[in-house]
Structures are given as structure tokens and as C-alpha cells.
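Asks: build me a structure from this.
(chains A and B)
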Amino acid sequence: AQSVTQLDSQVPVFEEAPVELRCNYSSSVSVYLFWYVQYPNQGLQLLLKYLSGSTLVKGINGFEAEFNKSQTSFHLRKPSVHISDTAEYFCAVGGSGGSNYKLTFGKGTLLTVNP
Amino acid sequence: DAGVIQSPRHEVTEMGQEVTLRCKPISGHDYLFWYRQTMMRGLELLIYFNNNVPIDDSGMPEDRFSAKMPNASFSTLKIQPSEPRDSAVYFCASRRTGPNTGELFFGEGSRLTVL
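Replies: Numbering: from 1, shown residues only, chains lettered A, B, ... in the order given. Predicted structure coming up:
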């Protein structure tokens, strides 16, 4: 079975500050990892994904994440946030084996960027 | 190409009524997923289909819930009879088979309120 833990349910930051949203996962097989963003009253949109290769993954809107297998983590970072980054962020894991085709999501982290 | 289309966007109904939620996946996608989002439980996978065939319905909460996919371009999630605890946002998502994909494309969701 797979699971995802997002360690912070809410993260308030000031505009132009750096931010890190933490995600840890557990899985008995090799994994694919994802970060999605959800703006109010909208569906989820993919920010970035790790499938294989380089452990540092760059996504849209200046976000990046680093896959750390030994720590089973996939933390999301942005060096300087904007007001428009205010949203809920979800980490998700999918297995590379037979369970590849479904994703298990964390409970989300609400990022609030204040002026 | 159009994204995943869900209807209705909002549904308010009374306890005991039948509710039908609809989804049109992205053309060419052979996997379709139904998720439910609540504050308490986050995003839960209810059921998913591959080539119109239900593969895993272990997340369907009880017999009051049923899902069908009569063809590649249409799926329904039905709740009969509905109860207040079914109030949630229901998301449909789709993806296509293939290596190095894994990304789910989400609709904008159907917000269900059962009074």
C-alpha cells in the first residue's frame, strides 16, 4: 500500500519570501511522485512530476521539487512566492508497478501568500 | 483539445434523492477516475476504469454508490439514496496509458450538497 503525508496543513508566508512544502511518502515499490495545485473552486492542475532520472524536478510557475529516496521525501520549493501562488498544494504518489495507474494523494497544504 | 468536462458544477438536493454526476474524459484517454474531496478525508479515490471496464471499486463507500462507463467518452457516478454525509466535491480525472506519463487531468468538480 502507498501513503502520502504532507506535514503542514497550512503555510502562511509573505510575498517574495521562499517557501518549502513538505511531503513524505511510503511505498513498497518504486514510485512516481507528483505535485498538484488547486485554486479555489477549480480542479487540480499538475505542477511537476518525478518519473525517473534527475532527482531535481522543475515545474511550472517557478516551482521545483527534489526526490530523496533515502528520506522518502519529495519537498516542493519556490525561491520567491507571489500573491497568485495562494492555493492548496497536493503531493501524490503512484506506483511504477501494477498500481501505477492510480494516485494516492496527501491531504493538502494550504499556502497563503500575504502582501 | 477540451479538458475533462463534469456536470453539474453544483447540485443541491434533499436526503433520499437520487444524484447523478456526469463526466466526459479527454478524447484518447483510456483511464477514468472518480475522486471525492472533503475537508475531513481529503481526496479519496472511489473507482477507476480502464477501457470502460471498472478495475478497482474498493474506494466506493457503500452500495448506495454506483458508477458506469458505457463508452469511452462518458461516465456517471450515481448516489441513491443520497445522505447528508455524501456532501463533497466529486472530481473526475482521466489519463492515457503509456510509460513516463502518470499525469491525471482533472475536471473542475461537481459540488454536491445534500440537505
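
Asks: show me the shaky parts of the chain.
Replies: Picking chain A for this. Within chain A, the stretches with pLDDT under 70 are A:95-101.

Asks: not quite, go with chain B.
Replies: Ranges of chain B meeting pLDDT under 70: B:1, B:99-101.

Asks: can you rerun that using 50?
Replies: Within chain B, no range satisfies pLDDT under 50.

Asks: hey, where'd the strands end up in chain B?
Replies: Counting by DSSP state E, chain B has strands at residues B:5-7, B:10-13, B:19-24, B:31-38, B:42-50, B:53-56, B:65-71, B:74-79, B:88-95, B:105-106, B:110-114.

Asks: tell me the residues of chain A that contact chain B?
Replies: With the criterion set to C-beta under 8 Å from any C-beta of the partner chain, chain A comes near chain B through A:32, A:34, A:36, A:41-46, A:49, A:51-52, A:90, A:94, A:100-108. For every residue, glycine as well, the C-beta is placed using N, CA and C.

Asks: make a PyMOL selection of the buried ones in those.
Replies: Here the buried members of the residues of chain A next to chain B are turned into a PyMOL selection, burial being counted by 16 or more other C-beta atoms under 10 Å in any protein chain shown:
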select buried, chain A and resi 32+34+36+43+44+46+49+51+90+94+100+101+102+103+104+105+106+107+108
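
Asks: the residues of chain A next to chain B in helices, which ones?
Replies: Assignment to helices by DSSP state H places none of the residues of chain A next to chain B there.

Asks: quick one on the thing from earlier: could you dump the strands of chain B to CSV with mean neighbour count and distance to chain A?
Replies: Shown next, in CSV, are those (neighbours: other C-beta atoms under 10 Å in any protein chain shown; distance: least, C-beta to the nearest C-beta, whole Å):
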stretch, mean neighbour count, distance to chain A
strand B:5-7, 17, 8
strand B:10-13, 14, 10
strand B:19-24, 20, 11
strand B:31-38, 23, 6
strand B:42-50, 20, 4
strand B:53-56, 13, 7
strand B:65-71, 15, 14
strand B:74-79, 19, 15
strand B:88-95, 24, 6
strand B:105-106, 21, 4
strand B:110-114, 19, 8
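
Asks: which residue, neighbours along the chain excluded, lies closest to the spatially most central residue of chain A?
Replies: The structure's chain A has its C-alpha centroid closest to A:Trp35; by C-alpha atoms, centre = their mean the separation is 3.3 Å. Using C-beta to C-beta, 6 or more residues apart in numbering or on different chains and skipping the chain neighbours, the partner closest in space to A:Trp35 is A:Leu47 (4.3 Å).

Asks: what is the burial count for that neighbour?
Replies: 22 (other C-beta atoms under 10 Å in any protein chain shown).

Asks: how about A:Asp85, phi and psi?
Replies: phi -80, psi -10 (degrees, to the nearest 10).

Asks: return the residues in contact with it.
Replies: Listed by C-beta atoms under 8 Å, 6 or more residues apart in numbering or on different chains, the contact partners of A:Asp85 are A:19, A:61, A:78, A:111, A:113.

Asks: rerun that using 6 Å as the cut-off
Replies: A:Val113 (C-beta atoms under 6 Å, 6 or more residues apart in numbering or on different chains).

Asks: likewise for A:Gly62?
Replies: By C-beta under 6 Å, 6+ apart, the neighbours of A:Gly62 are A:Lys78.

Asks: ok, it to chain B distance?
Replies: 19 Å (C-beta to the nearest C-beta, to the nearest Å).

Asks: near the residue lying closest to A:Thr112 once chain neighbours are set aside, how many other residues are there?
Replies: In this structure, A:Thr112 finds its nearest non-sequential neighbour in A:Pro12, 4.7 Å apart by C-beta to C-beta, 6+ apart. A:Pro12 has 11 neighbours, counted by other C-beta under 10 Å.
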